[in-house]
Every structure is written in structure tokens, then in C-alpha cells.
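take this sequence and fold it.
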Amino acid sequence: MDQLLDVKVGCLVALLFLTLICGFAPLFLNWFMKNRITGTYEFIIYLISSFAAGIFLGACLLHVVADALTDISTELSFIDYPMGLLILSLGFFFVLFIERVVLQISMRCRRSNQDGVPRTSTPRSPDANISEKSEPSSEITMPPEDLHIHVHTDTNSLSSFRSLILFCSLSIHSVFEGLAIGLQPKYVSALQIAIAVLIHKGIIVFSLSLKLIQSMTTPVWLSIYIVIFSLMSPIGIMIGILVTLNKTSVVTLVQAILEGISSGTFVYVTFLEILPAELNSRKRPLLRLFFIVIGFTIMAVIAIWA
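Predicted coordinates:
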């Protein structure tokens, strides 16, 4: 148990410092400033992102979901119903509900801002109306991948409010990701999930920090967002550790239920956020798929010792 606790605490510290380093890196490296971004930078980010998607897919299918279903079926074996899948679905729909609420608030605030802007009327000729109707809309001609709504990367035209709700949504994800680590009964499995979360969080916080810098977000607000986001996974790990310290029948049942809910968030993040962002892209699709397979293969090999 001591070795397991040491590993979880190590994962907590690693998650905290890696997120802080990746989040603050664009502030101190000139190569990542707006006027210095090149095609090489974008290419590297594509490959790292695809590799992380494969890591998350492997951790989700080969460990998180499998262990959660096994533990729940053991604790609730007296119920003749697939309770594991039901609890997993509750975690899935919980995160889905939170993100839909975030998007709804964002859309309403955008409409309120647009309605509050005074509009000036200018004389227009009939030919102007005809020309405007015949002119194609820029929204229609956007590439399909630009129309994809993705909470992790929806950072275009960021206002302070949209930045806040974006980081709140990401923080909720991070708590459950940390919870999945803190609830693990074996140190190898905790390390396996920690690797996936480390890579994923590093890429996400780095990309968002870069976008915030390009959107002229002040360093003070950027620092606040990154620090809050960095604390969420460690908080989740601490909650998981506290739950597993007192092994009673009730605590074991609660642990299995929480593990099922957190596995549902993993399913959501993997299949509705990470993978669609990679597979829907038209830039080097085969190369992206190759790196997804590499990431999945690595997690499959690690699962041999789990």
C-alpha cells in the first residue's frame, strides 16, 4: 500500500508541475509567439496530438473501462442488471451535460453582446441589397473541420468570460482524470493512466496557453487560468487517495461507483473530443492514424504488466 501511495503522490506532483511548465512555456519562449509560428511547429503539434489520442484510447479501452466494469460487477453482483455500464453512462452524460451548459451560456452571452451593440443605419441603394444577397457567406465557405465544435480547442475570439468558462469545463475534466488515478488499486495501473493524462494535459494546456497569448489575454489572467487548471487533477488524485485509505464495504462500493463515473468521463473525452479532432482533420490523415496506432500500441504493451 505504501508503494501505491508513493506512486500516486508522485503522479500528483508530476501532473502539477508538468501542467504549470507546459502552460507557462509559451510566455517565455519566443519561438511560440504569434509572428514566429511556422508550418514546422504546426506539424509537430499534429503528431504529438495524434500520439496522445492513441495513448488515451489505449488507457480507456484496455484499463479504465475494463477495471471499472469488473469492480462494479463484483460489488453489485446481487443485482441482475448491467450496473457497470449504467454507472459508466452516468459519468458520460454528466460531462456531456456540463459541456452543453457551458456552450449554451457562451452562445447566450455572445447573442447578448451582439444585441447590445448599437447599429447605425446608412442609406443603401437597391443594388446593394441585391449584391449582398448574391454574395456568398463566409460561414458557408468555411472548411468542415473549422465548423467542428470542440470545447478543448474552441478558442477563437476569446473574451475574458469565454476563457473563464472554457477553463472551468476543462477543470471538471481534470478532476475526474485525477480521480481515475487516485482510485487505482495497483501502482502499475495508476502509472498507466497517469501517462495518458500527463501527455493529454500537457498538450491541451500548452495549446490553450498559446491561443490565449495570440488572443491578447493579459499575463495576469493567463497565469490565473493555468494555476487553477493545474490544481484540478491533483485535487482529483487526493480525493481518490482519501477514498481508498479506509477500506470498508461501503467505501469499496463508493470507490467502484466513483471509478465507473470517472471511466465514463474517459469515454467521453476519448471518443467525442480527442479522436474526432484527430480523425476529422484533412491534414495528413494517414500519418495521424499511424501515430494514433503507435500511442495505442504503447498502452497495450504497458497493459501486460497491469
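
in this structure, which helix or strand is least confident?
Every helix and strand in the chain was compared by mean pLDDT, DSSP states H and E; the lowest is helix 126-134, with a mean of 45.

ok now do residue 190, which residues does it touch?
Counting by C-beta atoms under 8 Å, 6 or more residues apart in numbering, residue 190 makes contact with 4, 7-8, 11, 181-182, 184. Every residue, glycine included, has its C-beta placed from N, CA and C.

which of the helices or strands spans it?
In this structure, residue 190 sits in helix 187-214 according to DSSP states H and E.

report the inter-axis angle for the following helix or strand past that helix versus helix 187-214.
Note on helix 187-214: by DSSP H and E, the next helix or strand toward the C-terminus is helix 219-245. For helix 219-245 against helix 187-214, the angle by axes from the mean of the first three to the mean of the last three C-alpha atoms, to 10 degrees is 170 degrees.

avg pLDDT for helix 219-245?
Average pLDDT, helix 219-245: 85.

with stretch 262-281 instead?
83.

go on, stretch 187-201?
pLDDT averaged over stretch 187-201 gives 78.

C-alpha coordinates for it, CSV please?
Only the C-alpha atoms of stretch 187-201 are listed here, as CSV (Å, rounded to 0.1, in the frame of the first residue of the first chain):
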residue,chain,number,x,y,z
TYR,A,187,0.6,1.2,-8.8
VAL,A,188,1.2,-0.1,-12.4
SER,A,189,-2.4,0.8,-13.4
ALA,A,190,-2.0,4.2,-11.7
LEU,A,191,1.1,4.9,-13.8
GLN,A,192,-0.6,3.7,-16.9
ILE,A,193,-3.4,6.2,-16.6
ALA,A,194,-1.0,8.9,-15.4
ILE,A,195,1.0,8.7,-18.6
ALA,A,196,-2.1,9.2,-20.6
VAL,A,197,-3.3,12.2,-18.5
LEU,A,198,0.2,13.7,-18.5
ILE,A,199,0.5,13.7,-22.2
HIS,A,200,-3.1,14.9,-22.8
LYS,A,201,-2.9,17.7,-20.2
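
name the element residue 73 belongs to?
helix 65-75.

is residue 12 in a helix, a strand, or coil?
helix (DSSP: H, G, I helix; E, B strand; the rest coil).

and the gap between it and residue 230?
To residue 230, residue 12 is 11 Å away according to C-beta to C-beta, to the nearest Å.

how about residue 178, phi and psi?
Here is the backbone geometry of residue 178 (degrees, to the nearest 10): phi -70, psi -40.

for it, give me its contacts.
12, 15, 197, 232-240.

at 7 Å instead, please
The contact partners of residue 178, by C-beta atoms under 7 Å, 6 or more residues apart in numbering, come to 15, 232-237.

so how far is the helix ranked longest in the chain off the chain centroid?
What stands out as the longest helix in the chain, according to DSSP state H, is helix 83-116. Mean C-alpha position of helix 83-116 versus that of the full chain (C-alpha atoms, centre = their mean, to the nearest Å) differs by 14 Å.

tell me the buried residues in that helix?
83-85, 87-88, 91-92, 94-95, 98-99, 102, 106 (16 or more other C-beta atoms under 10 Å).

again with stretch 278-296
Buried-residue list, stretch 278-296, by 16+ other C-beta under 10 Å: 278, 281, 288, 291-292, 295-296.

in helices, which of the residues you listed appear?
278, 288, 291-292, 295-296.

now these in CSV, with distance to residue 176?
Below are these laid out as CSV (distance: C-beta to C-beta, whole Å):
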residue, distance to residue 176
278, 21
288, 26
291, 25
292, 23
295, 21
296, 21
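
lowest-confidence entry in these?
Out of these, that is residue 278, at 83.

which member of the buried residues of stretch 278-296 is positioned nearest residue 20?
Within these, proximity to residue 20 (C-beta to C-beta) peaks at residue 295, which comes in at 23.8 Å.

measure the closest one to residue 274 for me?
Taken as C-beta to C-beta, the span from residue 295 to residue 274 is 11 Å.

need the overlap of contacts for those two.
residue 53.

now residue 71: how far from residue 193?
Distance, residue 71 to residue 193, by C-beta to C-beta: 14 Å.

settle it for me: which of those two has more neighbours?
residue 193 (27 against 21; other C-beta atoms under 10 Å).

tell me the contacts of that one?
Counting by C-beta under 7 Å, 6+ apart, residue 193 makes contact with 59, 63-64, 180-181, 184.

want to throw the residues you listed into TSV with pLDDT?
As requested, these are arranged in TSV below (pLDDT from 0 to 100):
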residue	pLDDT
59	83
63	78
64	81
180	79
181	85
184	80
